[in-house]
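Novice: pasting a predicted model and its sequence here:
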Amino acid sequence: MSEDRQNRAPRHPWLDRRSLVLWGGDGPEPADEERDAIGMIALPLRHADAHAALIARARAKGLGVTLVTESWQEQLPVEPLSAAAVADHAERHLDAQLAAGATLATTPAHLVAPDDPAGREQELALAHATVAAWQERQGWRPPPQHPDAGPRELHAALALRPSDLPALPALTERFAELSVDGYWLTLLDTGPAAHRSGAPGGRPLAPVAAPPGGGQPGDSLSRLRAAAPPRGSWQGAPDGRPPDPAPSPPRGGWPGAADGDGWAAALAEITELALELQAQTGRPVAVAGAGAAHAALLASGVAAVCAGPSGARVAFPPQPLDGDGVTGIALPLFHPGILGFVPPGAAHDDARTALFATEPCRCGFHRSFEPPRGRRETLGHNRWWLAAEARDATRLVPALDEIRLASRAARAVRARRRLDLPPLSPAWTAVAETARARRARTAAALA
């Protein structure tokens with residue numbers, strides 16, 4: 001293996017090399033200089049047709065591809081499915097991902113209330129059925145049209161709300177029993193509005209009428225495979241079409257806004273879950289939806305995180321845009337000096353100007369002493385720093401990476417205070433404290 005290939009991030013999440021999974025279709029596939037931090041891209045499955053060229057280029061460059069089915073957006077409370085219905089859905093769920101070019105497929109992931117053991121059993125049944133379908137078809141083999149491609153992988157997926165996390169320790173052992181290559185955890189940012197909206201928390205996959213554009217009754221995947229729909233609508237909107245799930249803005253405010261202790265507790269819980277799954281199974285875990293503090297999870301030993309240049313949190317339910325005539329979505333702007341994003345808008349113009357004047361940027365997409373201007377410069381800047389932050393968070397071993405990140409966090413706290421920006425999320429500290437406590441327990445058990 002050449003030195004260049006040895007320095008590349010893994011094509012799929014790997015325990016021995018922490019890496020970033022790049023989310024979304026904003027911009028091209030990762031450049032060669034980003035490959036030491038990014039080895040894989042992730043897109044919504046329903047955008048696969050619109051981004052077929054991007055998927056093909058990514059695969060040709062040896063990148064992994066996962067197409068997130070977002071099953072939690074299609075579910076309705078129903079009675080338990082029959083064994084035949086479970087097997088049928090697992091087959092179709094797998095077919096849709098592999099046909100669209102995924103190199104890493106996942107099991108279905110639905111929201112299940114903590115006090116609904118029957119719903120969780122059905123979720124496990126869907127996961128087992130997907131594993132059975134994968135093994136029967138030998139899904140790990142490269143597709144016939146790409147015989148020289150690397151092996152494909154299957155990961156067990158979980159969709160989790162912060163309120164679900166305290167009830168999950170008993171579930172870890174059940175999911176650890178699955179014959180999969182790893183785990184894909186999506187943390188959904190529900191916020192107070194989700195409880196008011198009646199977000200589904202029951203058992204998955206209600207039979208529904210035939211969806212627009214054809215498909216069989218109950219076939220949510222035919223809707224998921226549709227070309228990218230316009231932003232700003234959801235099941236309750238007049239046109240009934242699902243939105244782009246990119247969090248713009250995420251629930252609770254723009255990335256970098258004060259998250260509070262609730263979100264910090266959620267990230268501590270998901271860090272514990274991810275590290276426990278890795279310890280029990282020897283398999284990698286990828287976490288999506290962690291927000292601006294996703295680099296803290298990498299620094300503390302989680303194998304992979306999924307984030308994009310527009311943000312890193314996944315709102316549920318998806319948020320409609322307010323007002324008519326909306327022609328675009330303003331982007332938050334990342335700066336390493338505050339370990340997060342400056343919200344868009346004139347109210348923060350002085351903070352943006354001061355940040356780049358005192359701490360120039362080396363991304364190369366804009367003038368170093370000035371903030372990026374326009375969408376192209378901002379996306380390029382944000383994505384360059386995504387890779388840079390992932391690289392910096394995984395430079396040494398977790399215990400030392402946490403110390404380095406804590407030093408940066410202390411400087412970011414002072415910078416935010418000086419610029420009158422929202423305080424740094426306590427999640428940065430909560431993640432590291434959780435990982436250190438785990439290491440201390442392990443050391444005590446071995447003593």
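Specialist: Nice, thanks for sending it over.

Novice: grab the nearest non-local neighbour of residue 151.
Specialist: Here the nearest residue to residue 151 in space, its sequence neighbours aside, is residue 140; by Cβ to Cβ, 6 or more residues apart in numbering that works out to 4.7 Å. From N, CA and C alone the C-beta is placed, and that goes for glycine too.

Novice: right, and that neighbour touches residue 152 too?
Specialist: Yes: under the criterion of Cβ atoms under 8 Å, residue 140 makes contact with residue 152 at 5.3 Å.

Novice: between these two, which is the more surrounded one?
Specialist: Neighbours were tallied for residue 140 and for residue 152 using other Cβ atoms under 10 Å; the higher tally belongs to residue 152 (23 against 14).

Novice: would you mind measuring from that one to residue 74?
Specialist: Separation of residue 152 from residue 74 (Cβ to Cβ, to the nearest Å) stands at 24 Å.

Novice: and the residue positioned nearest the centre of the chain, what does it touch?
Specialist: Closest residue to the average C-alpha location of the chain: residue 288 at 2.2 Å, with Cα atoms, centre = their mean. Contacts were defined as Cβ atoms under 8 Å, 6 or more residues apart in numbering; by that measure residue 288 touches 21, 23, 42, 68, 184, 185, 186, 187, 305, 306, 307, 314.

Novice: I'd assumed residue 45 was in contact with the fourth one.
Specialist: In other words, residue 68. Yes: taking Cβ under 8 Å as the contact criterion, residue 68 and residue 45 are neighbours in contact, 6.2 Å apart.

Novice: between the two, which one's more packed in?
Specialist: Comparing residue 68 with residue 45 by other Cβ under 10 Å, the one with more neighbours is residue 68, at 25 against 22.

Novice: quick check: beta-bridge partners of that one?
Specialist: Listed beta-bridge partners, residue 68: residue 44 (assigned using DSSP bridges).

Novice: dump the residue contacts of it.
Specialist: 42, 43, 44, 45, 106, 186, 288.

Novice: which of those residues are buried?
Specialist: Applying 16 or more other Cβ atoms under 10 Å to the contacts of residue 68, the neighbour count classes 42, 43, 44, 45, 106, 186, 288 as buried.

Novice: and which of those residues is nearest residue 119?
Specialist: Closest to residue 119 out of the buried ones among the contacts of residue 68 is residue 186 (17.0 Å), distances taken as Cβ to Cβ.

Novice: that closest one: what's it in contact with?
Specialist: The contact partners of residue 186, by Cβ under 8 Å, 6+ apart, come to 68, 72, 109, 157, 158, 159, 160, 287, 288, 289, 314.

Novice: and for residue 27?
Specialist: For residue 27, counting by Cβ under 8 Å, 6+ apart, the contacting residues are 309, 379, 380, 383.

Novice: what do you get for residue 184?
Specialist: Here residue 184 is in contact with 66, 106, 109, 155, 156, 157, 158, 285, 286, 288 (Cβ under 8 Å, 6+ apart).

Novice: any idea how far the second one is from residue 439?
Specialist: Right, the one you point to is residue 106. In this structure, residue 106 lies at 29 Å from residue 439, with Cβ to Cβ as the measure.

Novice: any idea how this structure splits into domains?
Specialist: 3-315, 333-446 (automatic domain parsing).

Novice: can I get the ones you listed in TSV with mean pLDDT?
Specialist: Putting the domains of the chain into TSV (pLDDT from 0 to 100) gives the following:
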stretch	mean pLDDT
domain 3-315	77
domain 333-446	94
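
Novice: deepest of those, which one?
Specialist: Ranked by mean neighbour count, those are led by domain 3-315 with a mean of 20 (mean count of other Cβ atoms under 10 Å).

Novice: so how far is that one off the chain centroid?
Specialist: Distance of domain 3-315 from the chain centroid (Cα atoms, centre = their mean, to the nearest Å) equals 7 Å.

Novice: one step back: out of the contacts of residue 184, flag the one nearest to residue 79.
Specialist: For residue 79, the closest of the contacts of residue 184 turns out to be residue 109, at 20.0 Å, with distances computed as Cβ to Cβ.

Novice: my read is that the closest one contacts residue 159, right?
Specialist: Yes: the pair formed by residue 109 and residue 159 meets the contact definition of Cβ under 8 Å, at 4.1 Å.

Novice: so what sits against both of these two?
Specialist: Overlap of the contact sets of residue 109 and residue 159 (by Cβ under 8 Å, 6+ apart) consists of 71, 72, 186.

Novice: which one of those residues is nearest residue 421?
Specialist: The nearest member of the shared contacts of residue 109 and residue 159 to residue 421, counting by Cβ to Cβ, is residue 186 at 27.9 Å.

Novice: pretty sure that closest one sits in a helix.
Specialist: No: counting by DSSP: H, G, I helix; E, B strand; the rest coil, residue 186 is not found in a helix; it is strand.

Novice: distance check, it against residue 166.
Specialist: 17 Å.

Novice: just residue 399 next, same as before
Specialist: For residue 399, the distance to residue 166 (Cβ to Cβ) stands at 26 Å.
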